[in-house]
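**Student:** would you be able to build a 3D model of this:
(chains A and B)
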Amino acid sequence: DTEVTQTPKHLVMGMTNKKSLKCEQHMGHRAMYWYKQKAKKPPELMFVYSYEKLSINESVPSRFSPECPNSSLLNLHLHALQPEDSALYLCASTSGAGDSPLHFGNGTRLTVT
Amino acid sequence: DAKTTQPTSMDCAEGRAANLPCNHSTISGNEYVYWYRQIHSQGPQYIIHGLKNNETNEMASLIITEDRKSSTLILPHATLRDTAVYYCIVRDTYSGNTPLVFGKGTRLSVIA
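**Tutor:** Residues are numbered from 1 along each chain as shown, chains lettered A, B, ... in the order given. Next up is the predicted model:
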């Protein structure tokens, strides 16, 4: 079990759809992250939020739009995705204090048709 | 780019110790070494981290060389459930929200 909860676990969407991925943690963590992982590859950083403000955007296409409505919740809004965007999307969080480790959810498996 | 080098794959007999090496020859003074593992179709799981002293927890031990240029993760009694990809990551903790940069990791197969 993980203390970072991601929903849905699986999502299939067409290229014209709009959908959202949700990530929630109740550990009081102040930094949250989105990673993307393609099959048989390591996770790649997409976005970092610190104290609810976007601090890092790794040149992610605008069809991915992150949102942090409060310190416990992180969303990733998806619009006009391409089949090559199919991947496992992982959320992580950390307290932001010193060397505290990141804790990951189990991800949303996204398929774009 | 990842700052670590790990073997692509390793095998370990069930019940034996698994020793996973990692080279991080360019590590700087304020960078910690973190180990994560990822079991198929799950998110990465935190295992252990350290700066310069050896560390042990309920999952594993971390041995860091005195010059800090390499480290070894030890799973003392490997089980089939330890089969996973293991990532060694060097992370600057000056800013507490510094992300993890994953390399390719080591695929550990525990064999019955």
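**Student:** what's near enough to touch A:Ser95?
**Tutor:** If a contact means CB atoms under 8 Å, 6 or more residues apart in numbering or on different chains, then A:Ser95 has A:27-31, B:96 as its contacts. Using the backbone N, CA and C atoms, a C-beta is placed for each residue, glycine as well.
**Student:** what residues does chain A have near chain B?
**Tutor:** Counting by CB under 8 Å from any CB of the partner chain, the residues of chain A lying close to chain B are A:2, A:4, A:6, A:30-31, A:33, A:42-45, A:48, A:50, A:55-56, A:88, A:90, A:92, A:94-107, A:109.
**Student:** filter the residues you listed down to the buried ones.
**Tutor:** Burial of those was assessed by neighbour count (16 or more other CB atoms under 10 Å in any protein chain shown); the buried members are A:2, A:4, A:6, A:30-31, A:33, A:42-45, A:48, A:50, A:88, A:90, A:92, A:94-96, A:99-107, A:109.
**Student:** which ones among these are found in helices?
**Tutor:** Secondary structure assignment (DSSP state H) places none of those within helices.
**Student:** residue ranges with poor pLDDT in chain A?
**Tutor:** By pLDDT under 70, the low-scoring segments of chain A are A:1-2.
**Student:** report the central residue of it.
**Tutor:** A:Trp34 (3.2 Å; CA atoms, centre = their mean).
**Student:** that residue contacts A:Ser65, doesn't it?
**Tutor:** No. Using CB atoms under 8 Å, A:Trp34 makes no contact with A:Ser65, being 10.8 Å away.
**Student:** are there residues contacting both of these two? Which ones?
**Tutor:** A:Leu76.
**Student:** quick one: contacts for A:Leu78?
**Tutor:** Neighbour list for A:Leu78: A:13, A:17-21, A:63-65, A:85, A:110 [criterion: CB under 8 Å, 6+ apart].
**Student:** for B:Tyr86, same thing?
**Tutor:** Counting by CB under 8 Å, 6+ apart, B:Tyr86 touches B:6, B:20, B:35-37, B:47, B:73, B:105-108.
**Student:** identify the farthest-apart pair in those residues.
**Tutor:** B:Ile47 and B:Arg107 (15.3 Å; CB to CB).
**Student:** among the contacts of B:Tyr86, which are in reach of chain A?
**Tutor:** The residues of the contacts of B:Tyr86 that also fall near chain A, by CB under 8 Å from any CB, are B:Gly105.
**Student:** and which of the contacts of B:Tyr86 is nearest to chain A?
**Tutor:** Of all these, chain A sits closest to B:Gly105, with 6.3 Å by CB to the nearest CB.
**Student:** how much space separates the most centrally placed residue in chain B from A:Ala39?
**Tutor:** Centrality entry for chain B: nearest residue to the mean C-alpha point is B:Trp35, 3.3 Å, by CA atoms, centre = their mean. Note on B:Trp35: its distance to A:Ala39, by CB to CB, to the nearest Å, is 23 Å.
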